[in-house]
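Enquirer: I'll drop the sequence and a predicted model, then ask my questions.
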Amino acid sequence: MSAGTKYGGKQMRRICSSSRVHAGLLASAIGITVFGVGPAADARITSIVLGAPTSPYGTATFGSVGQYEQIDGIAYGEVDPRDPLNAVIQDIDLAPRNQRGMVEYSTQVSILKPVDEDLGNRTMLLEIVNRGNKLNPGYYNVGATTANPAGDGFLENRGFTLVWAGWQADLVPPPNVNLVTMSAPIAHRLLASSGLNSSSTPRPKARRTSSLPRAPIPQAMRPCRSTILTTR
């Protein structure tokens, strides 16, 4: 794990002193988020770059745990397209590969934790974000709003560490909206018989479109739950 350039002095040493534990837990969490729970496939987090901490709750303190800070960053990973267990990833065989023959991706990461980690309960609550939106701590903290994001501070008073990681690469955040997303490579159609990506063209993109009706739709006109409209 590497700290952002804005870290310095004592602050950086404190973060890096527990970086090995952080990296292991965070990499495991991101792996579960992106690939789900199942048989082990060949995939790994190669690096995690974190920015400087911010104070989403200002100077508020939570019982014996104290103040909280938020650290945002990007986790970089790669998957092996030759692993049969990775064949479930759409068009992975058409994705560009690095020098190691792996397919690279990155995901945004956000961590909300006690400033003094020794006062926390050493328990991480990982949220699989909903279309890039953070729902925690609002699911647990009574009264959490935009103006009062901590609400009654239920999780913070108990020392939980909250982690979010992106898993959708097709999200385009609206202006002034911070979504937790991921970046995935663009699939290419191979043209050369050698199978090298240097002689390839982008594969036509599939676009998913959704809309909200302004009036009730008759039952007979409603699509089934599994309907997904695509354009090519």
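Expert: Good, I have the coordinates. Numbering: from 1, shown residues only.
Enquirer: Show me where this structure has its strands.
Expert: Along the chain, the stretches classed as strands by DSSP state E are 2-3, 43-50, 68-79, 103-114, 124-128, 161-165, 182-183, 188-190, 200-202, 207-208, 230-231.
Enquirer: would a markdown table of those strands with mean pLDDT and distance to Pro137 be doable?
Expert: Quick note: C-beta positions are derived from backbone N, CA and C, even for glycine. Formatted as a markdown table, these follow (pLDDT from 0 to 100; distance: least, Cβ to Cβ, whole Å):
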| stretch | mean pLDDT | distance to Pro137 |
| --- | --- | --- |
| strand 2-3 | 42 | 25 |
| strand 43-50 | 88 | 20 |
| strand 68-79 | 95 | 10 |
| strand 103-114 | 95 | 8 |
| strand 124-128 | 92 | 8 |
| strand 161-165 | 95 | 6 |
| strand 182-183 | 90 | 22 |
| strand 188-190 | 66 | 41 |
| strand 200-202 | 54 | 40 |
| strand 207-208 | 56 | 29 |
| strand 230-231 | 44 | 36 |
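Enquirer: right, and these - which one's nearest Thr61?
Expert: Evaluated with Cβ to Cβ, the strands of the chain place strand 68-79 nearest to Thr61, the distance being 8.8 Å.
Enquirer: Specify the angle between the closest one and strand 161-165 in degrees.
Expert: In this structure, strand 68-79 runs at an angle of 40 degrees to strand 161-165, with axes from the mean of the first three to the mean of the last three Cα atoms, to 10 degrees as the basis.
Enquirer: Pass me the low-pLDDT residue ranges in the chain, would you?
Expert: Residues of the chain meeting the criterion pLDDT under 70: 1-42, 189-214, 217, 219-232.
Enquirer: Regarding stretch 53-68, how distant is the last residue from the first?
Expert: Length of stretch 53-68, first residue to last, Cα to Cα, to the nearest Å: 10 Å.
Enquirer: Please apply the same query to stretch 143-160.
Expert: Between the opening and closing residues of stretch 143-160 there is a gap of 18 Å (Cα to Cα).
Enquirer: What residues of that stretch count as buried?
Expert: Buried positions in stretch 143-160, judged by neighbour count with 16 or more other Cβ atoms under 10 Å: 144, 150-151, 153-156, 159-160.
Enquirer: same thing with stretch 169-183?
Expert: Neighbour-count burial for stretch 169-183, counted by 16+ other Cβ under 10 Å, picks out 171, 179-182.
Enquirer: pretty sure Gly143 contacts Asp152?
Expert: Yes - taking Cβ atoms under 8 Å as the contact criterion, Gly143 and Asp152 are neighbours in contact, 5.5 Å apart.
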